[in-house]
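K.L.:
Sharing a model that was predicted from the sequence below.
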Amino acid sequence: MKQPGIYMVGGAVRDALLGLPCGDRDWVVVGSTPEDMAARGFVPVGRDFPVFLHPETHEEYALARTERKSGRGYRGFTVLSSPEVTLQEDLARRDLTINSIAAPADWTGAEAVFDPYNGVRDLQDRVLRHVTDAFREDPVRILRVARFAARFADFSIAPETLQLMRAMVQDGEADHLVPERVWQELARGLMERQPSRMFEVLRECGALAVLLPEVDRLWGVPQRAEYHPEVDTGIHVMLVLDMAARLDAPLAVRFACLTHDLGKGTTAADVLPRHIGHEQRSARLLKGVCERLRVPGDCRETADVVAREHGNIHRSGELQAAALLRLLERCDALRKPERFAQVLLACECDARGRGGLQEQPYPQRPRLLAALQQALAVPTAEVAAQAAAQGAKGAQVGDWIRRAREQALAAWLAHA
């Protein structure tokens, strides 16, 4: 049965059935052609398959389509679209049953939905389950399942779906994911309610070792128990990530939390559980991750500062004026105070992301923010003029400004 018409599909239907706020709505059009859509004022925008923007709402309307595997990776598909493609055939190409539910265009939530793959039952049972065996044809779906596990933290993954994900990894499908798509899904997963679940699922199916081996090797690496009651580095990083979510941290902070301890995975076995010099190793490994995944500049810069300086920031409570100023300079805090605030938030997540210590205060963050304000309050133009009047030139003027900032910090510390 072709069931011609317009249907709301995917996340908007799923979230409405879960009683959650609905975001963007996606529509599928059955029994139509590109010519019909253009005649009705819809604007074509799809490059790989027929997608159109509504002339008034600008929402996306896609013609019903099927897909046939024609190569490796998520781009290896031939898309087939025609008026003969049914709604059920279109829903069959989707990833999870909970995303393969359709509702009429005028749906109010009370009417019955079109649910050929029992997505409503899986919503009720809190299960993430693939729709058909065609799931194996698109490796991005491995990342999407992991991301949905992070969003819906109380959902389990159907055993057969997890087994299929493992088989896909073993068959090398994950090796063909393009960097931009991996980063897109990782970034979205990092911003979910419980981001640790994304990485736990990726690890369980073997995909983490392919996509982020620097993170995968952290599990089983011991740390000193007096600082890390959870001991295992991988577990610690997951606690840090979830603390970032709890504190509603932005993406740059969450990425920094994920990558701040990468160097611990390369610590020589004979010095464990100590990790001397892991900060610089973390920064080097981070550079490779960012180049491989083409991580945006704001995320890579924040993560680099956190990787290099988180230990020094943790120990900053006893620093005097000169050392405090050097720390601010290494973090480029005087030029980029907003980024420094994000660095400090990531460090707080690191300190509180430890077994049994989630409620502990982190005084280093307000102290360093206050110190930065003292340094920024120095009237640099006046100091530069005074230096010039005394014959100072070039770098000598900079030395005058540094001394003025150090004196300001010393005065503040004396009364703090």
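P.N.:
Noted; the coordinates are in hand.
K.L.:
Check the offset of whichever strand or helix holds residue 15 from the chain's centre.
P.N.:
In the assignment (DSSP states H and E), residue 15 maps to helix 11-17. In terms of CA atoms, centre = their mean, to the nearest Å, the centre of helix 11-17 is found 23 Å from the chain centre.
K.L.:
ok, now stretch 27-47?
P.N.:
With CA atoms, centre = their mean, you get 33 Å for stretch 27-47.
K.L.:
The next helix or strand after the helix holding residue 15 pairs with which strands, parallel or anti?
P.N.:
The helix or strand immediately downstream of helix 11-17 is strand 26-30, counting by DSSP H and E. Strand pairing for strand 26-30, determined by DSSP bridges: strand 5-9 (antiparallel), strand 60-63 (parallel).
K.L.:
Quick check: next helix or strand after strand 26-30?
P.N.:
helix 34-39.
K.L.:
Export that following helix to PDB, keeping only CA atoms.
P.N.:
Coordinates of each C-alpha in helix 34-39 appear next as PDB, following Å, rounded to 0.1, in the frame of the first residue of the first chain:
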ATOM      1  CA  PRO A  34      10.700  16.700  -7.900                       C
ATOM      2  CA  GLU A  35       8.600  18.400 -10.600                       C
ATOM      3  CA  ASP A  36       5.500  18.200  -8.400                       C
ATOM      4  CA  MET A  37       7.400  19.700  -5.500                       C
ATOM      5  CA  ALA A  38       8.800  22.600  -7.500                       C
ATOM      6  CA  ALA A  39       5.400  23.300  -8.900                       C
END
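K.L.:
For it, give me every contacting residue.
P.N.:
29, 44, 50, 52, 61, 63 (CB atoms under 8 Å, 6 or more residues apart in numbering). C-beta here means a position set from N, CA and C on the backbone, and glycine is covered the same way.
K.L.:
ok, now with 6 Å
P.N.:
Applying CB atoms under 6 Å, 6 or more residues apart in numbering, the contact partners of helix 34-39 are 50, 52.
K.L.:
related to what we said a few turns ago, quick one: the strands paired with strand 26-30 as TSV, columns for distance to residue 289 and mean pLDDT too.
P.N.:
Listed next are these as TSV, based on distance: least, CB to CB, whole Å; pLDDT from 0 to 100:
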stretch	distance to residue 289	mean pLDDT
strand 5-9	35	92
strand 60-63	32	90
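K.L.:
Convert the C-alpha atoms of the helix holding residue 15 to CSV, please.
P.N.:
Listed next in CSV are the C-alpha coordinates belonging to helix 11-17 (Å, rounded to 0.1, in the frame of the first residue of the first chain):
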residue,chain,number,x,y,z
GLY,A,11,12.9,12.6,16.1
ALA,A,12,9.9,14.9,16.3
VAL,A,13,7.5,11.9,16.5
ARG,A,14,9.8,10.0,18.9
ASP,A,15,10.2,12.9,21.3
ALA,A,16,6.4,13.7,21.2
LEU,A,17,5.6,10.2,22.2
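K.L.:
Quick check: mean pLDDT of that helix?
P.N.:
The average pLDDT within helix 11-17 is 92.
K.L.:
so who does residue 41 touch?
P.N.:
For residue 41, counting by CB under 6 Å, 6+ apart, the contacting residues are residue 55.
K.L.:
looking at it, residue 306 is touching residue 257, isn't it?
P.N.:
No. Assessed by CB atoms under 6 Å, residue 306 is found out of contact with residue 257, at 7.8 Å.
K.L.:
Which helix runs longest in this protein?
P.N.:
helix 395-415 (DSSP state H).
K.L.:
Same list, the strands paired with strand 26-30, but as CSV with distance to residue 363 and mean neighbour count please.
P.N.:
Listed next are the strands paired with strand 26-30 as CSV, based on distance: least, CB to CB, whole Å; neighbours: other CB atoms under 10 Å:
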stretch, distance to residue 363, mean neighbour count
strand 5-9, 50, 19
strand 60-63, 49, 20
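K.L.:
which stretch among those strands comes nearest residue 252?
P.N.:
Nearest to residue 252 among these is strand 60-63 (28.6 Å), distances taken as CB to CB.
K.L.:
which other residues reach that closest one?
P.N.:
With CB under 6 Å, 6+ apart, strand 60-63 has contacts from 26, 27, 28, 29, 50, 51, 52, 81.
K.L.:
okay, and the helix or strand of this protein with the least pLDDT?
P.N.:
strand 77-81 (a mean of 66; mean pLDDT, DSSP states H and E).
K.L.:
after that strand, next one along is what?
P.N.:
Tracing the chain past strand 77-81, the next element assigned as helix or strand by DSSP H and E is helix 87-92.
K.L.:
ok, and what's touching the helix or strand just after that following helix?
P.N.:
Scanning forward in sequence from helix 87-92 by DSSP H and E, the next helix or strand is strand 102-104. For strand 102-104, the external contacting residues (CB under 6 Å, 6+ apart) are 7, 8, 9, 13, 87, 113, 114.
K.L.:
contacts for the longest helix of the chain?
P.N.:
Counting by CB under 6 Å, 6+ apart, 321, 322, 324, 325, 374, 375, 378, 380, 383, 384, 387, 392 sit against helix 395-415.
K.L.:
Farthest pair within those residues?
P.N.:
Farthest-apart pair in those is 324 and 392; separation 23.9 Å (CB to CB).
K.L.:
Who has more neighbours out of those two?
P.N.:
Counted by other CB atoms under 10 Å, residue 324 and residue 392 do not tie: residue 324 has more neighbours, with 24 against 16.
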